[in-house]
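Enquirer: This is the structure alone, sequence omitted:
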Ligand code: HEC
């Protein structure tokens, strides 16, 4: 039953953002901090970890790149796995966050 009440709480808090159509840069920011920032350094990606920077990139480009990774029409073992767990809403939020971030 613990799991059930956890699910209820999670879906209640998710309901908040589902009700608004606009992408939430805040939700995007927390996903980015939790997942993406491990590899995509915001400022100076170290030479040993050459991940493409995301800050300040075109929002539509980021969205379509993530959808391509999710559909596996763009192949990257790492990104296919990561994007596979993102919903459309996650992708909108994340693209909205990174595109507004100063490079
Ligand atoms: C484990 C490391 C890792 C994590 C975590 C990670 N990425 Fe990536 N990402 C990569 C690598 C490596 C590439 C380059 C892949 C390629 O060659 O297509 C990449 C490429 C990308 C690209 C394409 C950039 C371009 O210039 O075309 C986007 C967009 C992207 N990642 C977004 C994200 C987002 C959003 C997250 C978090 C949800 C994330 N990544 C998490 C490693 C990672």
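Expert: Nice, I can see it. These figures come from a predicted structure and were not determined experimentally.

Enquirer: excluding its backbone neighbours, what's nearest residue 31?
Expert: residue 94 (5.5 Å; Cβ to Cβ, 6 or more residues apart in numbering). Where C-beta positions appear, they are placed from N, C-alpha and C, glycine not excepted.

Enquirer: cool, and residue 62?
Expert: Sequence neighbours aside, residue 95 is the residue nearest to residue 62 in space, at 3.9 Å (criterion: Cβ to Cβ, 6+ apart).

Enquirer: hang on, the residue nearest to residue 31 packs against residue 85?
Expert: No - counting by Cβ atoms under 8 Å, residue 94 does not reach residue 85; the two are 12.0 Å apart.

Enquirer: Between those two, tell me which one has more neighbours.
Expert: The residue with more neighbours, out of residue 94 and residue 85, is residue 94; 27 against 9, by other Cβ atoms under 10 Å.

Enquirer: which secondary structure element contains that one?
Expert: helix 88-100 (DSSP states H and E).

Enquirer: for residue 80, same thing?
Expert: With DSSP H and E as the test, residue 80 turns up in helix 77-84.
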